[in-house]
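Asker: here is my input; please provide its structure:
(one chain, ligands or ions: 1)
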Amino acid sequence: MIRFDKVSKQYPDGTVAVDELDLVAPSGEITVFVGPSGCGKTTSLRMINRMIEPTGGRILIDDQDVTKVDSAKLRRGIGYVIQHAGLFPHRTIVDNIASVPYLLGTDKKQARALAMELMERVGLDTRFAKRYPAQLSGGQQQRVGVARALAADPPVMLMDEPFSAVDPVVRDQLQEEFLRLQSDLGKTIVFVTHDIDEAIKLGDHVAVLRVGGHLAQLATPAELLSRPVDAFVAGFVGRDRGYRALGFTSAGRLSTHDEPTVSMGDPIPRGSDNGQWILAVDSGAPQGWLSLADLPAGATTVTDDLLYRGGTLATQGGSLRAALDACLSSPSGRGVVVDESGRLLGSVTAREVLDLIEARTPEPSA
Ligand SMILES: Nc1ncnc2c1ncn2[C@@H]1O[C@H](COP(=O)(O)OP(=O)(O)OP(=O)(O)O)[C@@H](O)[C@H]1O
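Answerer: Predicted coordinates for the structure are as follows:
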């Protein structure tokens, strides 16, 4: 557990970057610091590993005041990942990842073997081991940064905008992989971002800071969306709060309607009494909708190019948001529900999901 106890930082020029910050980042969980530019996120983060010394208050890691620990020793137990990865440009990827184990005196061969293992863990092809950072993409470099921070197996990780410098698609992948990794590793993580969507996606807890280094709200993502404490937090959390909050509320067991289907490659069922839309499946998995009203002349069997693929799928046991989105994005208006292995269970309508929403005040699940 990391505890900020009335922590302040005033820079020599008089700027108060952080002002009596009180908060706890629980062990084994991700706490995200988010807020507008200049609100003191990075300063707060760097005070944890003493890259910046506080001018007031204390920071405790597992009840140990960080200022009472030798700073080199302290940092060995704290992984640190920054934007643009901060890799050593003249060292190969494997040597970058193994740099802390080398420092700690781990045998070279053993350190390299560990680095290769970590490469796999963060989703990097081990063929890249002998390359230099400049020979990797931005997203790959960030993965190296994460692997390097994990190399000493530190209980605590500090991450400062680690995914900000990559494009949105890569960023999304990195976030997903990071969450998977964390569910295995259970590190105590403090993560800084200016992006509220990233904070809500990754955080078990989200600390919204306002300029001057004041804590505006510390809450779970669901609480933040459904109960922002004031106009500043509400404004920062942004639009579509109600809809996004549904992402944290389980839809429970959806009771679905049987959806008549046609298999890929089968004859198109003419004169179906199923209305305009019929769902095409392949080995039980939904593939897309076929519109019987506007088939091209000469179409006889169900082929890929005839399908409307716009609809998202709701998984049984998933969130109300996923269920509603499946309905709203479906060209037929019928939201497709699948089981965990992606096989069709049936469909629901938006009206039915809205009834569920009304019946269930979307209380935060956490
Ligand atoms: N070395 C310094 N000397 C004086 N002021 C500083 C120094 N470093 C940061 N500051 C100021 O402290 C405040 C907080 O800065 P900090 O970098 O912690 O904010 P941040 O929330 O991480 O911002 P951003 O999202 O823009 O990176 C800002 O007003 C900044 O200008």
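
Asker: could you list the low-pLDDT ranges of the stretch 1-150 of the chain?
Answerer: 85 (pLDDT under 70).

Asker: helices along that one, start to end?
Answerer: In the stretch 1-150 of the chain, the helices defined using DSSP state H, counting those that start in this stretch lie at 41-48, 71-76, 93-97, 99-103, 108-121, 138-150.

Asker: the ones you listed: which one's closest to the ligand?
Answerer: helix 41-48 (3.3 Å; CB to the nearest ligand atom). In this view, the C-beta of every residue, glycine as well, is placed from N, C-alpha and C.

Asker: convert the closest one to PDB, retaining C-alpha atoms only.
Answerer: In PDB, the C-alpha atoms belonging to helix 41-48 read as follows (Å, rounded to 0.1, in the frame of the first residue of the first chain):
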ATOM      1  CA  LYS A  41       0.300  14.200 -11.500                       C
ATOM      2  CA  THR A  42       4.000  13.700 -12.400                       C
ATOM      3  CA  THR A  43       5.300  15.500  -9.400                       C
ATOM      4  CA  SER A  44       3.100  13.300  -7.200                       C
ATOM      5  CA  LEU A  45       4.300  10.100  -8.900                       C
ATOM      6  CA  ARG A  46       8.000  11.000  -8.800                       C
ATOM      7  CA  MET A  47       7.800  11.700  -5.100                       C
ATOM      8  CA  ILE A  48       7.000   8.000  -4.500                       C
END
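
Asker: elements contacting it?
Answerer: When contacts are defined as 3 or more CB pairs under 8 Å, 6 or more residues apart in numbering; DSSP states H and E, helix 41-48 packs onto strand 2-10, strand 16-25, strand 30-34, strand 56-61, strand 156-160, strand 188-193.

Asker: got the angle between it and strand 156-160?
Answerer: When axes from the mean of the first three to the mean of the last three CA atoms, to 10 degrees is applied, the directions of helix 41-48 and strand 156-160 differ by 150 degrees.

Asker: who are the packing partners of the top helix by length along the chain?
Answerer: The helix that spans the most residues within the chain, counting by DSSP state H, is helix 168-185. Using 3+ CB pairs under 8 Å, 6+ apart as the contact test, the elements touching helix 168-185 are helix 138-150, helix 196-202.

Asker: what does this structure put close to the ligand?
Answerer: Residues of the chain found near the ligand (CB under 6 Å from any ligand atom) are 11, 13, 15, 17, 35, 37-43, 194.

Asker: farthest-separated two in the residues you listed?
Answerer: Asp13 and His194 (22.8 Å; CB to CB).

Asker: of those two, which one has the most company?
Answerer: Ranked by neighbour count (other CB atoms under 10 Å), Asp13 and His194 place His194 first, with 16 against 5.

Asker: and that one, how far is that from Gly35?
Answerer: Taking CB to CB, to the nearest Å as the criterion, His194 is separated from Gly35 by 7 Å.

Asker: same thing with Phe236?
Answerer: 7 Å.

Asker: quickly list what's touching both of these two.
Answerer: Val208, Ala216 (CB atoms under 8 Å, 6 or more residues apart in numbering).

Asker: which one's more surrounded, those two?
Answerer: Gly35 (26 against 21).

Asker: turn the helices of the stretch 1-150 of the chain into CSV, columns for distance to Ile30 and mean neighbour count.
Answerer: Listed next are the helices of the stretch 1-150 of the chain as CSV, based on distance: least, CB to CB, whole Å; neighbours: other CB atoms under 10 Å:
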stretch, distance to Ile30, mean neighbour count
helix 41-48, 13, 22
helix 71-76, 20, 14
helix 93-97, 22, 25
helix 99-103, 22, 17
helix 108-121, 18, 17
helix 138-150, 13, 24
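
Asker: Glu177: neighbouring residues, count only.
Answerer: For Glu177, using other CB under 10 Å, the count is 16.

Asker: contacts only, for it.
Answerer: Neighbours of Glu177 in contact, by CB under 8 Å, 6+ apart: Val122, Gly123, Arg143.

Asker: count of neighbours near the first one?
Answerer: Spelled out, that is Val122. 21.

Asker: which residues are in contact with it?
Answerer: Going by CB under 8 Å, 6+ apart, Val122 touches Arg143, Val144, Val146, Ala147, Leu150, Glu177, Leu181.

Asker: same check on Thr67?
Answerer: By CB under 8 Å, 6+ apart, the contact list for Thr67 reads Arg50, Glu53, Pro54, Arg58, Ile59.

Asker: could you pull out the helices in the stretch 201-350 of the chain for me?
Answerer: Going by DSSP H, counting those that start in this stretch, the stretch 201-350 of the chain shows helices at 221-226, 231-237, 241-245, 320-328, 350-359.

Asker: and the second one, what's buried?
Answerer: Going by neighbour count (16 or more other CB atoms under 10 Å), the buried part of helix 231-237 is Phe232, Val233, Phe236, Val237.

Asker: ok, now the longest one?
Answerer: When neighbours are counted by 16+ other CB under 10 Å, the buried residues of helix 350-359 are found to be Ala350, Glu352, Val353, Leu356, Ile357.

Asker: about what we covered before: could the helices and strands packed on helix 41-48 be laid out in TSV, adding mean neighbour count and distance to Leu344?
Answerer: As requested, the helices and strands packed on helix 41-48 are exported to TSV (neighbours: other CB atoms under 10 Å; distance: least, CB to CB, whole Å):
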stretch	mean neighbour count	distance to Leu344
strand 2-10	19	46
strand 16-25	19	42
strand 30-34	25	34
strand 56-61	17	49
strand 156-160	22	39
strand 188-193	24	37
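
Asker: Arg131 is nearest to which of those strands?
Answerer: strand 156-160 (23.5 Å).

Asker: can you name the residues in contact with the closest one?
Answerer: Residues contacting strand 156-160 (CB under 8 Å, 6+ apart): 2, 41-42, 45-46, 48-49, 61, 77-83, 149-150, 187-192.

Asker: rerun at 6 Å
Answerer: Contact with strand 156-160 is made by 42, 45, 48, 78-82, 149, 187-192, as judged by CB atoms under 6 Å, 6 or more residues apart in numbering.
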